[in-house]
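# with the input below, show me the fold.
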Amino acid sequence: MKYITIDGAQGEGGGQVLRTALTLSMLTQQPIELINIRANRQKPGLMRQHLTSVLAAQTICDAAVEGAELGSSHIRFQPKQVKAGQYQFAIGTAGSTVLVCQTIMPVLALANGISTVTFEGGTHNGMSPSLCFFKESYLPILNAMGVQSDVEVSRLGFYPAGGGKWQIKINPTKQLKPFKIGKAPDVGQLNTDNTELAGFVSQLPDSIAMREMNAAKKALDWPNADCQINHVQSPGPGNSLQIKIQSQSHTHLFEVVGELGTSAENIAKRCAGRVKAFLKSNSQVEHYLADQLLVLMALAGSGSFTTSKPSLHTLTNAQVIQQITKKEINIEQDSEHVWRISLTST
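From the prediction side, this is the model:
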C-alpha cells in the first residue's frame, strides 16, 4: 500500500495538519501516513480531542487505521467509502467538539445522504473556534455553497469542565458552489442594525458580562451598540464576550472566553483589539476564519477572499492541501494590511 507521508511538524506543527489530512484523505480516497503529529506542542502526539477526530474519521468511512491511541505521534489511515448516517462522538474532556466536527463536516457535506451527528465535549475553551463562531461565521458560508445544516444545542461546555452537547443535521450536495464572501465592512456605516455585543454566562453573575460589554463599547466608541446577555446551560461556570458585525455572507464574530484571574475589562480590551485590527485591514474575512475556509475553497475548485496578514495556521493549511490535492492556493499581499487568498480552477 502506497501512503502519502505528511509531516505533522511542518508549519504550525499542531493538530490542524492532522485534521486537514484526514479530511482530504477521505475525500480523495488516498491513504495517508502522518508522522511527528503535533510535534511543536508542549505535549506532542494525539490528545483526546485529536484522537476523537481520528476515530470519527475512521467511523464514517470504515477506514483501516494504525496507531490510533493517546500520545501516538504516528498513524496510518486508509479510507474506504464514506457513509452518511447517524453518529455520536464524545471527547471526554473540554477539547473542541467544533474541530472534531470540522474534520468530518466537509466529507459528510458531499456524502450520498443526510447525516445527523451528536458531539459531546468542549464548545468554548478559548483555544479553538467556539460553537457560536461555527454557527454564525463558518456554517453560513458552507450553506451558501449548497450544504444545508441545522444545529441544536443541548448545553455548552466551557473550559475546564467541558460537558457540552450538541447535534448537527447535514443535508449534503453533490458539488460545492464556489463561495462568495460579502464585501469588507464599511467602518462609516456600522450602526445598531449591523453590530451587536453579546455576553454568555453560566453559573456566574450577570455583572461580569455587563462589565465586559460596557468596556468593549467604550474601547470601540460604539456607545449605542446593542447588548445582549445570554444565560446558557453548562456543567461548569463560564462566560464568553462576543462582538459581532453582520455582513452579506456571514457574521464576523470576535470572541474571548473568560479566564479565572483575568478581569472583565481585560477580556473586553482583547476582544475589542481584534475588532479594531480587522476593521483597519479593510478585508472580507478575519484571520481565524481564513484558515478554515481553505479546505472548502479547494473542494469547490475556485474562490477568492481578502484577509489580514495570514496566520501560520493558514499558511500550513495551504501546504497540506497542496500536498494532498495538488491544488495550489495563492496567497498574495494586496496592500499594507490586506492579503488575497485565491484558487483558480484549471
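
# where's S149 relative to H252, distance?
Note on S149: its distance to H252, by Cβ to Cβ, to the nearest Å, is 20 Å. Bear in mind the C-beta positions are built from the backbone N, C-alpha and C, glycine included.

# if you could redo that for H124, that was the one I meant.
Taking Cβ to Cβ, one finds H124 at 18 Å from H252.

# now name the helix or strand holding the residue nearest to G236 when sequence neighbours are not counted.
Of all residues not flanking G236 in the chain, A161 sits nearest, at 2.6 Å (Cβ to Cβ, 6 or more residues apart in numbering). Counting by DSSP states H and E, no helix or strand carries A161.

# what of the one 4 residues further on?
K165 is located in strand 164-171, with elements delineated by DSSP H and E.

# pull up the pairing partners for that strand, direction included.
strand 115-121 (antiparallel), strand 148-155 (antiparallel) (DSSP bridges).

# how about the CA coordinates for the helix or strand just after that strand, as CSV?
The helix or strand immediately downstream of strand 164-171 is strand 195-202, counting by DSSP H and E. The C-alpha trace of strand 195-202 is given here as CSV (Å, rounded to 0.1, in the frame of the first residue of the first chain):
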residue,chain,number,x,y,z
THR,A,195,-23.3,45.4,15.2
GLU,A,196,-24.0,43.6,18.5
LEU,A,197,-22.3,42.7,21.7
ALA,A,198,-23.2,39.5,23.5
GLY,A,199,-22.3,38.2,26.8
PHE,A,200,-22.8,34.4,27.5
VAL,A,201,-22.8,33.4,31.2
SER,A,202,-23.2,30.1,33.0
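
# just give the number of residues close to T116.
T116 has 16 neighbours, counted by other Cβ atoms under 10 Å.

# who does it form a beta bridge with?
Beta-bridge partners of T116, as defined by DSSP bridges: Q86, K169.

# distance of it relative to Y87?
7 Å.

# centroid-nearest residue for the chain?
Central residue of the chain (Cα atoms, centre = their mean): P129, 4.4 Å from the mean position.

# wait, a strand at that residue?
No. Looking at P129 with DSSP: H, G, I helix; E, B strand; the rest coil, it is coil, so not inside a strand.

# look up the closest residue to it, ignoring the ones flanking it.
In space, P129 is closest to V98, 5.0 Å off (Cβ to Cβ, 6+ apart).

# same check, this time on T314
D291 (3.9 Å).

# what segments of the stretch 1-150 of the chain are strands?
Ranges of strands in the stretch 1-150 of the chain, per DSSP state E, counting those that start in this stretch, are 4-7, 32-35, 64-66, 75-78, 86-90, 115-121, 148-155.

# may I see the ones you listed organised as a markdown table, with mean pLDDT and distance to F134 added?
As requested, the strands of the stretch 1-150 of the chain are arranged in a markdown table below (pLDDT from 0 to 100; distance: least, Cβ to Cβ, whole Å):
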| stretch | mean pLDDT | distance to F134 |
| --- | --- | --- |
| strand 4-7 | 98 | 25 |
| strand 32-35 | 98 | 24 |
| strand 64-66 | 98 | 26 |
| strand 75-78 | 98 | 24 |
| strand 86-90 | 98 | 15 |
| strand 115-121 | 98 | 11 |
| strand 148-155 | 98 | 8 |
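
# nearest to Q333, out of those strands?
Minimum separation from Q333 across those (Cβ to Cβ) falls at strand 4-7, 26.7 Å.
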